[in-house]
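Peer 1: Structure here, sequence nowhere to be found:
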Ligand SMILES: [Zn+2]
């Protein structure tokens with residue numbers, strides 16, 4: 001068996017192991033595969049064999065990583081150590097937030113999926129950049145790789161749709177306040193990163209679960225990484241700046257940086273899943289049965305956007321190609337624009353709904369319409385039974 005065959009087999013094995021484990025715990029089941037997953041995988045595999053490219057990132061990713069880390073260091077160093085007034089520091093908060101978003105989308109995401117490199121140690125190292133940014137990579141792998149990627153947009157298992165004061169799925173209970181969510185949820189979005197830094201990781205660690213999926217508590221080296229990462233983050237974000245600046249100024253600049261970072265991170269997620277075109281079929285959640293195969297669900301619960309915008313693709317780590325990412329999370333994002341045509345063509349042949357928003361703006365408009373719809377009672381035919 002050639003290396004690439006092994007890579008894909010390993011991908012399938014890891015996903016199946018995750019799925020088996022979390023299915024035991026959440027008992028969501030998908031319909032049997034119709035042959036779509038096998039065929040799209042065969043075609044993508046054939047593309048890599050034909051071109052001789054590695055499915056991992058290699059040199060292109062190394063250059064991107066160095067660029068983003070240098071951008072982060074320059075923004076942080078200027079913000080904290082260069083003498084200037086508050087107004088001059090404000091654009092540096094923006095620059096720092098953009099650099100952090102770039103590292104989160106491009107470096108840690110691929111690393112924690114095992115997509116960055118063929119060497120596990122390099123994947124682990126790039127995954128640890130999330131700990132430096134203040135989020136636990138251990139918890140993220142459970143929350144994202146297992147819960148989100150296995151049960152995309154399924155209420156009860158995918159914690160990414162559990163936004164405080166928000167209703168992003170028809171399966172979630174409707175409250176009076178939700179009818180205004182298209183207005184106030186943008187303010188809630190701005191606190192996403194601060195909530196993650198100060199509360200969510202600790203809550204999920206204490207509960208040892210992500211939504212209804214049990215998460216083993218980290219021990220030994222994994223626990224040391226989690227604690228070390230949190231200490232490192234609080235040191236660079238608060239302790240070091242407080243040595244030369246008033247604490248209220250440090251808090252204000254943390255607030256500005258984390259608010260912008262929150263908007264960027266959550267928007268990229270919402271534009272891929274919480275839009276009209278990603279609507280789920282009516283589901284009987286009480287029997288936890290999804291009436292379509294897993295791979296078809298991944299495609300139809302996800303929407304690509306702004307695919308021709310190369311700057312956007314570079315900045316968001318190919319996450320505007322989320323359909324390709326959900327089918328092939330262990331392929332490095334630099335390849336998504338090239339394999340998108342193969343995936344789209346295969347979807348057309350298998351009559352799998354493949355949705356794209358031409359621009360970011362179109363996707364934002366669709367997200368606004370989705371928020372408005374989810375804030376109102378649903379017609380009986382589209383209600384997911386809870
Ligand atoms: Zn992912």
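Peer 2: Now that the structure is in, tell me what you want to look at. Here the structure is a predicted model, which is why all the values come from computation and not from measurement.

Peer 1: Look up how far residue 123 lies from residue 354.
Peer 2: Residue 354 sits 29 Å away from residue 123, going by CB to CB, to the nearest Å. C-beta here means a position set from N, CA and C on the backbone, and glycine is covered the same way.

Peer 1: just residue 212 next, same as before
Peer 2: Distance from residue 212 to residue 123, by CB to CB: 28 Å.

Peer 1: and the gap between residue 358 and residue 302?
Peer 2: Distance of residue 358 to residue 302, given as CB to CB: 16 Å.

Peer 1: backbone phi and psi for residue 31, please?
Peer 2: Phi and psi for residue 31, reported as degrees, to the nearest 10, are phi -70, psi 160.

Peer 1: mind checking how far it is from residue 342?
Peer 2: Applying CB to CB to residue 31 and residue 342 gives a distance of 23 Å.

Peer 1: low pLDDT regions in the stretch 101-250 of the chain?
Peer 2: Within the stretch 101-250 of the chain, no stretch has pLDDT under 70.

Peer 1: how many neighbours does residue 348 have?
Peer 2: 11 (other CB atoms under 10 Å).

Peer 1: Tell me the spacing between residue 266 and residue 163.
Peer 2: Taken as CB to CB, the span from residue 266 to residue 163 is 8 Å.

Peer 1: what is in contact with these two at once?
Peer 2: Shared contacts of residue 266 and residue 163, defined by CB atoms under 8 Å, 6 or more residues apart in numbering, comprise residue 189.

Peer 1: my read: residue 266 touches residue 189, true?
Peer 2: Yes: the criterion here is CB atoms under 8 Å, and residue 266 meets it with residue 189 at 4.8 Å.

Peer 1: Quick check: buried residues in stretch 355-375?
Peer 2: 355-357, 360, 362-364, 366-368, 370-371, 374-375 (16 or more other CB atoms under 10 Å).

Peer 1: Apologies, that question was intended for stretch 56-68.
Peer 2: Result for stretch 56-68 [16+ other CB under 10 Å]: buried residues 56, 57, 58, 61, 64, 65, 68.

Peer 1: Lowest-confidence entry in those residues?
Peer 2: For the buried residues of stretch 56-68, the weakest pLDDT value sits at residue 58, with 78.

Peer 1: which ones are touching residue 304?
Peer 2: Contacts of residue 304 by CB under 8 Å, 6+ apart are 272, 320, 321, 322, 323, 324, 340, 355, 356, 357.

Peer 1: residues contacting the nearest residue to the third one once chain neighbours are set aside?
Peer 2: The reference is to residue 321. Of all residues not flanking residue 321 in the chain, residue 336 sits nearest, at 3.6 Å (CB to CB, 6 or more residues apart in numbering). Applying CB under 8 Å, 6+ apart, we find residue 336 in contact with 313, 318, 321, 324, 325.

Peer 1: and if we set it to 6 Å?
Peer 2: Residue 336 makes contacts with 318, 321, 324, as judged by CB atoms under 6 Å, 6 or more residues apart in numbering.

Peer 1: Quickly find the element holding it.
Peer 2: For residue 336, the host element (DSSP states H and E) is helix 336-349.

Peer 1: Likewise for residue 95?
Peer 2: Using DSSP H and E, residue 95 maps to helix 86-102.

Peer 1: which outside residues touch that helix?
Peer 2: 68, 71-72, 75-76, 78-79, 133, 253, 256-257, 260-261, 264, 315.

Peer 1: Farthest-apart pair in those, please.
Peer 2: Based on CB to CB, the longest span within those runs between 253 and 315 and measures 22.3 Å.

Peer 1: Identify the bridge partners of the spatially closest residue to residue 34 that is not a sequence neighbour.
Peer 2: Closest residue in space to residue 34, ignoring its immediate chain neighbours: residue 293 at 5.5 Å, by CB to CB, 6+ apart. Beta-bridge partners recorded for residue 293 (DSSP bridges): residue 31.

Peer 1: State the number of residues packed around residue 293.
Peer 2: Neighbours of residue 293 using other CB under 10 Å come to 19.

Peer 1: Report the angle between the lengthiest helix in the chain and helix 86-102.
Peer 2: Longest helix of the chain, by residue count under DSSP state H: helix 247-273. Per axes from the mean of the first three to the mean of the last three CA atoms, to 10 degrees, the angle that helix 247-273 makes with helix 86-102 is 40 degrees.

Peer 1: what packs against helix 247-273?
Peer 2: Contacts defined by 3 or more CB pairs under 6 Å, 6 or more residues apart in numbering; DSSP states H and E place helix 247-273 against helix 86-102, helix 181-189, helix 192-195, helix 360-374.

Peer 1: residues in contact with the shortest one?
Peer 2: If I follow you right, that is helix 192-195. 258, 261, 262, 266.

Peer 1: same thing but at 10 Å, please
Peer 2: Here helix 192-195 makes contact (CB atoms under 10 Å, 6 or more residues apart in numbering) with 97, 100-101, 104, 133-135, 163-164, 188, 200-201, 203, 254-255, 257-266, 269.

Peer 1: Off-centre distance for the host helix or strand of residue 43?
Peer 2: Element membership of residue 43, judged by DSSP H and E, is helix 36-51. Relative to the centre of its chain, helix 36-51 is centred 24 Å away, using CA atoms, centre = their mean, to the nearest Å.
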